[in-house]
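1. what shape does this take:
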Amino acid sequence: MNHSPRIRTVVSCTTLVVALGAAVTACSSDGHPLSAKPYDAAGQISFNGSGDSRKVDPDKPLEITATGDDGRITDVTATDASGRYVAGELAADGSRWHSTSPLAAGAHYTVWVSTEDEDGAPGRKVIDFDTITPKTKKQLDVKFGPEAGKYGVGQPVTAALSVPVKDKAARAVVERALKVDSEPAVEGAWHWVDDKTLHYRPKEYWPTNATVQAHSNLTGIKIADRLWGGNAKSLKITTGDRLIAVTDASAHSMTVYRDDEAIKQIPVTTGKPGFETRNGVKVVLGKEYFVRMRGTTVGIAEGSADSYDLPVYYATRVTWSGEYVHAAPWSVGDQGYANVSHGCTGMSTANAQWFFNNVRQGDIVKVQNSNGAMMAPFTNGFGDWNLDWKKWREGSALVAGVPEGPTPQDRARLRPESV
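-> Residues are numbered from 1 along each chain as shown. Sure thing, here's the model as predicted:
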């Protein structure tokens, strides 16, 4: 006996069931032709929350179930009007799909549901709905840094939040929505500096001549009770050459490397006893042609033996507390031989001018073999690179405690070569 495949009539519209008796209507005419007439196997969508006849509660997960005993769901795709996808999981037997990422408030969603019957006949349904905007809520805006432009390979990306976020689950929502991509691709992670500040850096320095872009998918997403994601302007920066200046305080010398090649060696003087220059990796914060430096700004009493008030030129800042690489013509006789400064790295005017003209914000200045303390990671500039990768990842709400996977470079090496 021959059995023809059972093809059921398309149902043009279906009712979406919302708790408390509210419902919205969804039509299946999506403009996507199918090879066979699709049958209607996924007839119910429940949001498990309150709503009215037009909008539903984004605080509840999206759930889709197959209504018939002889049909199943094969695929579900849900996006909002801006193209953001809703992550979800489909049961192994195709009976149910539910969202695993939050819905946005005040957003319009379209859901494509693909189905098949027991004979394999395909079905498709398209559902549109809107989510409500809560009446009482706080908005969390994000400001990425630095400003758009070209930077050195040590420049971290920063995210400043308008509202503090303390709860770990809420931090995970925020962090998951803040995206940083680079070309070439590198492994990287966010680190929570405090409740309102995150820094993003790769495992190693950024590649040379890279493009780094940051954006937020947080708009309209619920973060915590009465706290929703707000606005964020995307950021694009690029990197230049890999320029790293290494100062050996005990040898009184700085060596400048461009793309790992030594291009200049400079006699310097660093901090004298009691004012030792900080060890560790620092990131250039900015450059100032002229700075008036006074001992009173760092706690030195005016008129004391260590007091000073000097005009300083070609000053490259590496800490917010006032550590610079700068011209120090008054100590040229000690440069290369002794440490006599109050913590800055001093050099001749000609060398300081060369350094000033060749470095940019985000370049690396590393000090070693000083008797000073280690540069702090966050409180005095960008000391981010003084945390090893394991410690850095521990500051993430998403990857802390998660075993490290292969890097993009590792995956590229493992990828079979094309023939």
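2. drop to CA atoms for contacts and neighbour counts, all remaining ones
-> OK.
3. so how far is the one helix or strand Arg393 maps to from its chain's centroid?
-> Under the criterion of DSSP states H and E, Arg393 resides in helix 389-394. Remark: helix 389-394 is offset 15 Å from the chain centroid, using Cα atoms, centre = their mean, to the nearest Å.
4. swap in stretch 110-124?
-> Put simply, stretch 110-124 sits 38 Å off its chain's centre (Cα atoms, centre = their mean).
5. can you give me the end-to-end span of that stretch?
-> Terminal residues of stretch 110-124 lie 13 Å apart, using Cα to Cα, to the nearest Å.
6. for it, what is the average pLDDT?
-> Mean per-residue pLDDT for stretch 110-124: 84.
7. just to revisit the earlier point, okay, buried residues for the helix holding Arg393 please.
-> For helix 389-394, the neighbour count (16 or more other Cα atoms under 10 Å) marks 389, 392-394 as buried.
8. then it to PDB, C-alphas only?
-> Extracted C-alpha coordinates of helix 389-394, given in PDB (Å, rounded to 0.1, in the frame of the first residue of the first chain):
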ATOM      1  CA  TRP A 389      46.600  37.000  32.100                       C
ATOM      2  CA  LYS A 390      45.300  34.600  34.800                       C
ATOM      3  CA  LYS A 391      44.700  37.500  37.300                       C
ATOM      4  CA  TRP A 392      43.200  39.700  34.500                       C
ATOM      5  CA  ARG A 393      40.600  37.000  33.700                       C
ATOM      6  CA  GLU A 394      39.700  36.800  37.300                       C
END
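9. quick one: list the elements packing against that helix.
-> Using 3 or more Cα pairs under 8 Å, 6 or more residues apart in numbering; DSSP states H and E as the contact definition, the elements that helix 389-394 packs against are strand 188-194.
10. do you have the helices of the stretch 301-419 of the chain handy? List them.
-> 349-358, 389-394, 408-414 (DSSP state H, counting those that start in this stretch).
11. and those helices, which one's lowest on average pLDDT?
-> It's helix 408-414: among those, that one has the lowest mean pLDDT, namely a mean of 48.
12. which strand residues bridge His199?
-> As for beta bridges, His199 partners with Thr158, His191 under DSSP bridges.
13. residue contacts, it?
-> His199 is in contact with 156-159, 190-193, counting by Cα atoms under 8 Å, 6 or more residues apart in numbering.
14. of those residues, closest to Tyr314?
-> Set against Tyr314, the nearest of these by Cα to Cα is Pro156 (24.0 Å).
15. the closest one against Tyr200, yeah?
-> Yes - contact criterion Cα atoms under 8 Å: Pro156 and Tyr200 qualify, at 5.6 Å.
16. Gly389: what's its closest spatial neighbour, skipping adjacent residues?
-> Residue 389: Trp, not Gly. Once flanking residues are discounted, Trp389 sits nearest to Lys203: 6.0 Å by Cα to Cα, 6 or more residues apart in numbering.
17. next one: phi and psi at that neighbour?
-> Note on Lys203: backbone dihedrals following degrees, to the nearest 10 are phi -60, psi -40.
18. ok, it - how many residues close by?
-> By the criterion of other Cα atoms under 10 Å, Lys203 has 17 neighbours.
19. that one reaches Ala185, doesn't it?
-> No - applying Cα under 8 Å as the test, Lys203 and Ala185 come out as separate, 11.5 Å apart.
20. which residues in the stretch 151-300 of the chain form helices?
-> Ranges of helices in the stretch 151-300 of the chain, per DSSP H, counting those that start in this stretch, are 168-177.
21. for Val359, give me its contacts.
-> Residues near Val359 by Cα under 8 Å, 6+ apart: Leu243.
22. from Val359, how far out is Arg258?
-> Look at Arg258 and Val359: by Cα to Cα, they are 10 Å apart.
23. the bottom helix or strand of the protein by mean pLDDT?
-> strand 13-17 (a mean of 34; mean pLDDT, DSSP states H and E).
24. tell me the pLDDT at Ala41?
-> We have a pLDDT of 42 for Ala41.
25. can you report how many residues lie near the residue nearest to Leu398 when sequence neighbours are not counted?
-> Leaving aside its sequence neighbours, Leu398 sits nearest to Ala172 (Cα to Cα, 6+ apart; 5.8 Å). Ala172: 16 surrounding residues under other Cα under 10 Å.
26. great, nothing more from me.
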